[in-house]
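Asker: Here is my input, please return the structure:
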Amino acid sequence: MVQAKMISRRDFLKGTALLAAQVAAGNLLTGCAQFLSAEELPAASLAPSSAPTTAPNTAAAPASTPTASPTVSTALWREVKYYEQLANGIVRCAQCPRRCTIAQASRGFCQTRENRDGKLYSVVYGRPCIARIVPIERAPIYHMLPGTQSYSLATAGCNLACLYCQNYAIARAKPEEVESYTLTPEQVVAEAVKGKCKSITFSYSENTVAFEYMMEIAALARARGLKTILKTGGYVNTEPLKEMCAGLDAINVDLKGFSEQFYEQVCQGELKYVLETIQAIYAEKKAWLEIANLVVPGYNDDAKTIGAMLTWFKENLGTDVPLYFTRFEPAYRLRMPPTPVEIIEKARQGALNAGLRYVYVGNVPGHAGQHTYCPRCGKILIERVGFEVKQNNIVKGKCKFCGEPIVGQWT
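Answerer: So this is what the prediction gives:
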């Protein structure tokens, strides 16, 4: 195992202050494409809106040209739903557990909500910085419409600050620092339909901070027969979460670690709120739930931590909720070597030994742990190579070999 020491709170705060200074000095690059890998390129790489969508993986055409400017146009701003007005024009955001108190002409931690004259507005409404067609498996969502295409969206901003963030260029940037499109909810759904997508995925950044935009898209998508999927860190308050459970079809929550120390030092958050989110989604029984755990060497990969997480998982979620153990790759401010594959395999086997029925390996291309197996007969039901589905042996929600019911949304 690669050993890495937990950083001290003092060093973490020093690093955060340095990053803030870099942002203030304008040292964050303005284009997403300068940060992301070729496979993660934002909408700036897409074809003009007049171009037809002809191939399964061809990016859907956006409605306008991406732009980055020192300011964000207020034309599309929307007053947010969850906040309270305090004295002297100050507001308190109620979207996530931070409950940021925001003075006039200022924004909260996520940089996506601004106080204008005592009202709180979303500055990313209708302004996605990524809009492209991808396999639904990228979410990742493995137990919904396998092998289909999904129209994937992201806006700038996040309410956590993970030191290993793969998409920090958009997650930790201000909206005006990132190239973006103007896409109304109606246009998003139209593009998804035009691209022959079966779903719309909100991913890459933390799209709960674009709650109003996301939920309007979800309502329109449902009316057109499209599923909607959210990839989230799960840092959200009870009332907006209830709306999400009712309005979305699937939610994949990143359970980033299983200690308060990890969340404080690595994510600038609190574990207890994420656990409450996961429990609430499961209890609602409305949106399909899957969980992902990024295994970071030296931080959250020890047997005791993973064992405690598995015990909590089984006690609170049962054995049928899919769980992914995802391999860490160096990114942003954490630059140690990738997680050894054997650590991921050991975690997966521990989960299977604990009785979990659907446990996956993430970010290890070609690994057998990407397949879905029948928990009764053990045969491969869905064979995956990367994000491509090679075979699907689930028929009417059951294993075609032995008839075992397989949980998920297959049609």
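
Asker: Which residue, neighbours along the chain excluded, lies closest to Arg78?
Answerer: Among residues not flanking Arg78 along the chain, Tyr125 sits closest, at 4.3 Å (CB to CB, 6 or more residues apart in numbering). Backbone N, C-alpha and C define where each C-beta goes, glycine included.

Asker: Dihedrals phi and psi, that neighbour?
Answerer: Here is the backbone geometry of Tyr125 (degrees, to the nearest 10): phi -60, psi 130.

Asker: any idea how far it is from Val236?
Answerer: 17 Å (CB to CB, to the nearest Å).

Asker: who's more crowded, those two?
Answerer: Val236 (27 against 23; other CB atoms under 10 Å).

Asker: quick one: contacts for that one?
Answerer: Residues near Val236 by CB atoms under 8 Å, 6 or more residues apart in numbering: 95-97, 208, 244, 277.

Asker: now, which of the residues you listed lie within strands?
Answerer: Among the contacts of Val236, DSSP state E puts none in strands.

Asker: Among these, which one has the most neighbours?
Answerer: Going by other CB under 10 Å, Gln95 tops the contacts of Val236 with 29 neighbours.

Asker: which parts of stretch 341-358 are buried?
Answerer: Neighbour-count burial for stretch 341-358 flags 343-348, 350-352, 356-358 (criterion: 16 or more other CB atoms under 10 Å).

Asker: got it, and stretch 378-387?
Answerer: Applying 16+ other CB under 10 Å to stretch 378-387 flags 380-384, 387 as buried.

Asker: So for that stretch, mean pLDDT?
Answerer: Mean pLDDT, taken over the full extent of stretch 378-387, equals 97.

Asker: Give me the residues contacting it.
Answerer: Identification of contacts with stretch 378-387 by CB under 8 Å, 6+ apart yields 134-135, 137-138, 142, 146, 365-366, 370-374, 389-394, 399-402, 406.

Asker: Could you turn the buried ones of those residues into a ChimeraX selection?
Answerer: Per 16+ other CB under 10 Å, the buried members of the contacts of stretch 378-387 correspond to this ChimeraX selection:
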select :134,135,137,138,142,146,370,371,372,373,374,389,392,393,394,399,406
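
Asker: In strands only, show me the contacts of stretch 378-387.
Answerer: 134-135, 372-373, 389-392, 394, 399.

Asker: Where does pLDDT dip in the protein?
Answerer: Residues of the chain meeting the criterion pLDDT under 70: 1-72.

Asker: could you pull out the helices for the stretch 301-411 of the chain?
Answerer: 303-317, 341-353 (DSSP state H, counting those that start in this stretch).

Asker: For the first one, name the packing helices and strands.
Answerer: It stands for helix 303-317. Secondary-structure packing of helix 303-317 (3 or more CB pairs under 8 Å, 6 or more residues apart in numbering; DSSP states H and E): helix 271-284, strand 288-295, helix 341-353.

Asker: redo that, cut-off 10 Å
Answerer: helix 271-284, strand 288-295, strand 323-327, helix 341-353 (3 or more CB pairs under 10 Å, 6 or more residues apart in numbering; DSSP states H and E).
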